[in-house]
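Engineer: Model the following, please.
(one chain, ligands or ions: 2)
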Amino acid sequence: MLELTDVTRRFGANIAVDCVSLSIPEGQMVGIIGRSGAGKSTLLRMINRLTPTSSGEIRFEGKTVSGLGGADLRNWQRDCAMIFQQFNLVPRLDVLTNVLLGRLNHRSTILNILNIFTIEERASALAALERLGIAQTALQMAGTLSGGQQQRVAIARALMQSPSMVLADEPIASLDPLNAQIVMDALRDINEREGITVITNLHTLDTARAYCERVIGMAGGKVVFDDSPTELTTSAVRMIYGASGDGTEISESITSTSISADRPVVPVRPKSTGPLQPALSANTAVAGVALPA
Ligand SMILES: Nc1ncnc2c1ncn2[C@@H]1O[C@H](COP(=O)(O)OP(=O)(O)OP(=O)(O)O)[C@@H](O)[C@H]1O
Ligand SMILES: [Mg+2]
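Structural biologist: Ligands and ions are numbered 1, 2, ... in the order given. The predicted structure is shown next:
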């Protein structure tokens, strides 16, 4: 369970996140939506401790995240893997090495200095790439891959951290619709197969409806909606996207969906079927490719 209590972040006089309290149980797939500047990225970054909180408390499984330092902080950052809109790979390193970088915080300093990865680690990295349908790119320089492929490498790297949570900040904002779907399917897959909590900022309502069991709407740094996507009525969407106080009405270009009636829209998230696949771990090569290449 991840618990945020009155979490606030100020930048000078500007309050980016304003007294947010949330409980997110393990294994949820959560979408955060809201206008530009609503505080979505700042909220994710505070959970991962890339940005410190100004006040309030973040707790995970009973321990206070806001107070961690040194090795404990590194362990926490390993435990909640971040995925960014711009992938954040090392473009001049090959794909396999980029994925192996996800193991760095699991290893001794000396192994890291010597740049030695074990056979098991390499096999595991390759299995993660295979699972994401891009094993054939393993020896290619990461910078030469398409955006959709790079984001899949970033997800493979995140999996190598063996995280209990994945925090994705607009993971599909730079991708075309097909690659956006592949990446969202991959996030759903790790959520359903490994039970990893996924919290993702999204800029389209359609994606939040299709993939998330819980949607958090932010406006002006506050949580103004926190419910199932079926409750995203027109008035709820107005509250999320139209609450900036500047009088601007919501438009389809912001929400990327057609909203014509004040009634819930049924999400298309299919239920998981069939037996669970084996979980990915450092020592387990995952067979089977779950996603299209
Ligand atoms: N490092 C920073 N220094 C100063 N102000 C910042 C900083 N980071 C964020 N802010 C401000 O905090 C507010 C929230 O920003 P944030 O990036 O969290 O919004 P967002 O909801 O992620 O927006 P977008 O959809 O555009 O990514 C904005 O007013 C922004 O200008
Ligand atoms: Mg953002």
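Engineer: Low-confidence ranges, the stretch 151-293 of the chain, go.
Structural biologist: 243-293 (pLDDT under 70).
Engineer: export stretch 46-61 as PDB, just CAs?
Structural biologist: Provided in PDB are the C-alpha atoms of stretch 46-61 (Å, rounded to 0.1, in the frame of the first residue of the first chain):
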ATOM      1  CA  MET A  46       7.700  13.100  -5.400                       C
ATOM      2  CA  ILE A  47       6.700   9.500  -5.000                       C
ATOM      3  CA  ASN A  48      10.000   8.400  -6.600                       C
ATOM      4  CA  ARG A  49      11.900  11.100  -4.600                       C
ATOM      5  CA  LEU A  50      13.300  12.800  -7.700                       C
ATOM      6  CA  THR A  51      11.600  15.800  -6.300                       C
ATOM      7  CA  PRO A  52      11.400  16.400  -2.500                       C
ATOM      8  CA  THR A  53       8.100  17.200  -0.900                       C
ATOM      9  CA  SER A  54       7.600  20.600   0.700                       C
ATOM     10  CA  SER A  55       5.300  19.100   3.300                       C
ATOM     11  CA  GLY A  56       3.200  16.000   4.000                       C
ATOM     12  CA  GLU A  57       4.100  12.400   4.100                       C
ATOM     13  CA  ILE A  58       4.600   9.500   1.700                       C
ATOM     14  CA  ARG A  59       4.500   6.000   3.100                       C
ATOM     15  CA  PHE A  60       5.000   2.600   1.400                       C
ATOM     16  CA  GLU A  61       4.200  -0.500   3.300                       C
END
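Engineer: Would you mark the buried spots in that stretch?
Structural biologist: Buried residues in stretch 46-61, counted by 16 or more other CB atoms under 10 Å: 46, 47, 48, 49, 51, 53, 56, 58, 59, 60. In short, each C-beta sits where N, CA and C put it, glycine included.
Engineer: next one: stretch 138-151
Structural biologist: Within stretch 138-151, the residues that count as buried by 16+ other CB under 10 Å are 138, 141, 142, 145, 147, 148, 149, 150, 151.
Engineer: about what we covered before: just send the buried residues of stretch 46-61 back as JSON lines, with distance to ligand 1, pLDDT and secondary structure too.
Structural biologist: Output for these, formatted as JSON lines (distance: CB to the nearest ligand atom, whole Å; pLDDT from 0 to 100; DSSP: H, G, I helix; E, B strand; the rest coil):
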{"residue": "46", "distance to ligand 1": "9", "pLDDT": "97", "secondary structure": "helix"}
{"residue": "47", "distance to ligand 1": "12", "pLDDT": "97", "secondary structure": "helix"}
{"residue": "48", "distance to ligand 1": "13", "pLDDT": "94", "secondary structure": "helix"}
{"residue": "49", "distance to ligand 1": "14", "pLDDT": "94", "secondary structure": "coil"}
{"residue": "51", "distance to ligand 1": "7", "pLDDT": "94", "secondary structure": "coil"}
{"residue": "53", "distance to ligand 1": "13", "pLDDT": "95", "secondary structure": "coil"}
{"residue": "56", "distance to ligand 1": "15", "pLDDT": "96", "secondary structure": "strand"}
{"residue": "58", "distance to ligand 1": "16", "pLDDT": "96", "secondary structure": "strand"}
{"residue": "59", "distance to ligand 1": "21", "pLDDT": "96", "secondary structure": "strand"}
{"residue": "60", "distance to ligand 1": "21", "pLDDT": "94", "secondary structure": "strand"}
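Engineer: Which of those sits closest to residue 155?
Structural biologist: residue 48 (15.9 Å; CB to CB).
Engineer: my guess is that closest one contacts residue 82, does it?
Structural biologist: Yes: between residue 48 and residue 82 there is a contact at 5.4 Å, judged by CB atoms under 8 Å.
Engineer: Spatially, which two of the buried residues of stretch 138-151 are the most separated?
Structural biologist: Pairwise distances across the buried residues of stretch 138-151 peak at 18.2 Å for 138 and 147 (criterion: CB to CB).
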